[in-house]
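Just the structure for this:
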Amino acid sequence: MSTSFTCITCHVAFADGDTQRAHYKTDWHRYNLKRKVADLGPITAEDFQEKVIAIQKLENTDQSPEETSLFCSQCGKQFTSENGLLNHLKSRKHVETVKHASENPQLPKIVPEIVNTVEITGNDEEWDDMDDEDNSVIDTMEKLGTALRVEECLFCSYQSSNLDENLSHMANDHTFFLPDIDYLKDVRSLVEHLDEKVGGYHVCLWCNKKQYRNVLAVQRHMIDKGHCKIRFDDNPDDVFEYVDYYDYTYPDHEQQEGKDEEQNVDLDTLDTDGYELELPSGKKLGHRTLMRYYRQSFGTRNNEKSVNLIDRVKAKYRALGWHGHGATGEVFQRKIRDLRYMQQWKSKKHMKLGVNNNMLQHHFREQVNF
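Presented below is the predicted three-dimensional model:
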């Protein structure tokens, strides 16, 4: 006689619905559910009862010798599994503790305190998780390496003779282009920052979150996933990381093309009087007609080498089919305004922090010339 009340996990049938619902609350059903997740077959109620009896007998026996064997006397830590103890013995913290104890033999050793295993069996998973977290932090610190050199490729083991050749290699072999290069004020500093991320922290330039075991692993990930690029346009939080290497305060010169025509005027006939006013303090004020020249802010781009490097990189990018950023597009202009505002906000916060740290006076004091 067939019945509609069954449990497909435990492969059993029931006479009514109440018995079926009561079965779903039993430990036997929960245990078979875990076995099903692990792609294992179910066990019968008799086999499950035998496992429960065996565990209860194990809990009632004296486990003090095993507990003592899973105790680190140098660090005073108790472990619930042999793997946790082995990982702890290999950790840097344990090695330093043993070394310190050997240098100071007069320090007393820690004696383990025997704890009833029945009381802590419910927290075994929590203790294992805590040990795993401690080890993962140590492993993360040990995996941090040294930053790559500017001559080394970010995505493979190729080494160039200089930064210019390295950028050309990454553009040709990995299609890696520096974003908004027209507004980039220091190429070397930006590449050094990327070298620190890949070589020092083993972080993908696009994912920007997960750390990998070594440099080779993160380089293989970026090549396989097509992540040989910087996350620059999707999220303002990502752009904020690179905003210090750009200067968006300089007005776009391409917008002025065709508007101002050069006049063939003899330079000797030009009179500079009236275009500049010198104040008693020594500061000079320029005429408003020359505002576009006074507003030029090159930041750290005060050396000719950096300017020439950017020009050479742009020339190689154009040879590969790069046509610039499309400065006339509304989307790009909106992005420039956002980045310019971001730079101004960051500069304002930096100035406010400096003013607060300097502890400026809150009262007025007249400056007197002695």
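
and Lys225, how many residues sit next to it?
Counted with other CB atoms under 10 Å, the neighbours of Lys225 add up to 11. C-beta: built from backbone N, CA, C; applies to glycine.

Next, the contact list for it, please.
Cys204, Trp206 (CB atoms under 8 Å, 6 or more residues apart in numbering).

Look up how far Arg30 lies from Phe14.
17 Å (CB to CB, to the nearest Å).

ok, the two, which is more surrounded?
Of the pair Phe14 and Arg30, Phe14 is the one with more neighbours under other CB under 10 Å, namely 16 against 12.

The more buried one and Thr44, how far apart?
To Thr44, Phe14 is 15 Å away according to CB to CB.

Checking Ile53 next. Helix, strand or coil?
For Ile53, the secondary-structure state derived from DSSP: H, G, I helix; E, B strand; the rest coil is helix.

And it, how far from Asp27?
Taking CB to CB as the measure, Ile53 and Asp27 are separated by 13 Å.

next one: Lys225
Look at Lys225 and Asp27: by CB to CB, they are 44 Å apart.

cool, and Ala38?
In terms of CB to CB, Ala38 sits 17 Å off from Asp27.

which residues does Leu70 contact?
Leu70 neighbours (CB under 8 Å, 6+ apart): Gln78, Phe79, Thr80, Ser81, Glu82, Gly84, Leu85.

In three-state terms, label the residue found closest to Leu277 once you drop the neighbours it is linked to in the chain for me.
Distances taken as CB to CB, 6 or more residues apart in numbering put Leu285 closest to Leu277, at 4.5 Å, once the chain neighbours are dropped. Secondary structure assignment for Leu285 (three-state DSSP): strand.

Quick check: pLDDT value at Leu194.
pLDDT recorded at Leu194 is 92.

Would you confirm that it contacts Cys153?
No - judged on CB atoms under 8 Å, Leu194 makes no contact with Cys153 at a distance of 10.9 Å.

just the strands in the protein please.
6-7, 12-13, 71-72, 77-78, 276-278, 284-286 (DSSP state E).

Just the mean pLDDT for the fourth one, thanks.
The predicted model gives strand 77-78 an average pLDDT of 72.

by contact count, what packs against it?
Applying 3 or more CB pairs under 8 Å, 6 or more residues apart in numbering; DSSP states H and E, we find strand 77-78 packed against strand 71-72.

Give the pairing partners of the strand it packs on; include direction for each.
strand 77-78 (antiparallel) (DSSP bridges).

how close does Asp180 get to Tyr245?
Taken as CB to CB, the span from Asp180 to Tyr245 is 10 Å.

Repeat that for Thr97.
With distances taken as CB to CB, Thr97 is found 43 Å from Tyr245.

Same drill for these two, tell me which one is more crowded.
Comparing Thr97 with Tyr245 by neighbour count (other CB under 10 Å), the higher total belongs to Tyr245, at 21 against 16.

re the thing from before, do you know which of the strands of the chain lies nearest Lys185?
Among the strands of the chain, the nearest to Lys185 by CB to CB is strand 284-286 (22.5 Å).

by contact count, what packs against the closest one?
strand 276-278.

who's in contact with the strand it packs on?
Lys284, Leu285, Gly286, His287.

partners of it, with directions?
Sheet pairing here is set by DSSP bridges, and for strand 276-278 it gives strand 284-286 (antiparallel).

For the partner strand, give the mean pLDDT please.
Mean pLDDT, computed over strand 284-286, is 72.

Same check on stretch 167-184?
Stretch 167-184 carries an average pLDDT of 87.

distance between the ends of it?
14 Å (CA to CA, to the nearest Å).

Buried residues, it. List them.
Judged by neighbour count using 16 or more other CB atoms under 10 Å, the buried positions of stretch 167-184 are 167-171, 174, 176-181, 183-184.

Just those: which are in helices?
Within the buried residues of stretch 167-184, residues falling in helices by DSSP state H are Leu167, Ser168, His169, Met170, Ala171, His174.

can I get these in CSV with distance to Phe240?
Listed next are these as CSV, based on distance: CB to CB, whole Å:
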residue, distance to Phe240
Leu167, 24
Ser168, 29
His169, 29
Met170, 24
Ala171, 25
His174, 25
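
from the residues you listed, which single one is nearest Asn308?
Nearest to Asn308 out of those is Leu167 (CB to CB; 13.2 Å).

measure the closest one to Val239 for me?
Counting by CB to CB, the gap from Leu167 to Val239 is 21 Å.

so how far does stretch 39-49 reach from one end to the other?
End-to-end for stretch 39-49, by CA to CA: 21 Å.

just stretch 172-181 next, same as before
Per CA to CA, the first residue of stretch 172-181 is 17 Å away from its last.

List the contacts of that stretch.
Under the criterion CB under 8 Å, 6+ apart, residues 153-156, 158, 167, 170-171, 184, 187, 190, 223, 228-230, 232-233, 246, 310, 313-314, 317, 320, 322, 325 lie in contact with stretch 172-181.

Swap in 6 Å and give it another go.
Phe155, Met170, Cys228, Ile230, Phe232, Lys314, His325 (CB atoms under 6 Å, 6 or more residues apart in numbering).

Same question for stretch 202-221.
Here stretch 202-221 makes contact (CB under 6 Å, 6+ apart) with Phe155, Lys197, Gly199, Met222, His227, Lys229, Ile230, Arg231.

want to throw these into TSV with pLDDT?
Output for those, formatted as TSV (pLDDT from 0 to 100):
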residue	pLDDT
Phe155	92
Lys197	89
Gly199	88
Met222	92
His227	90
Lys229	89
Ile230	88
Arg231	83
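
Nearest to His23 among those?
The closest of the contacts of stretch 202-221, once distances to His23 are taken by CB to CB, is His227, at 50.0 Å.

Give the burial count for that closest one, as a bare number.
17.

Before I go, just wanted to say thanks for your time.
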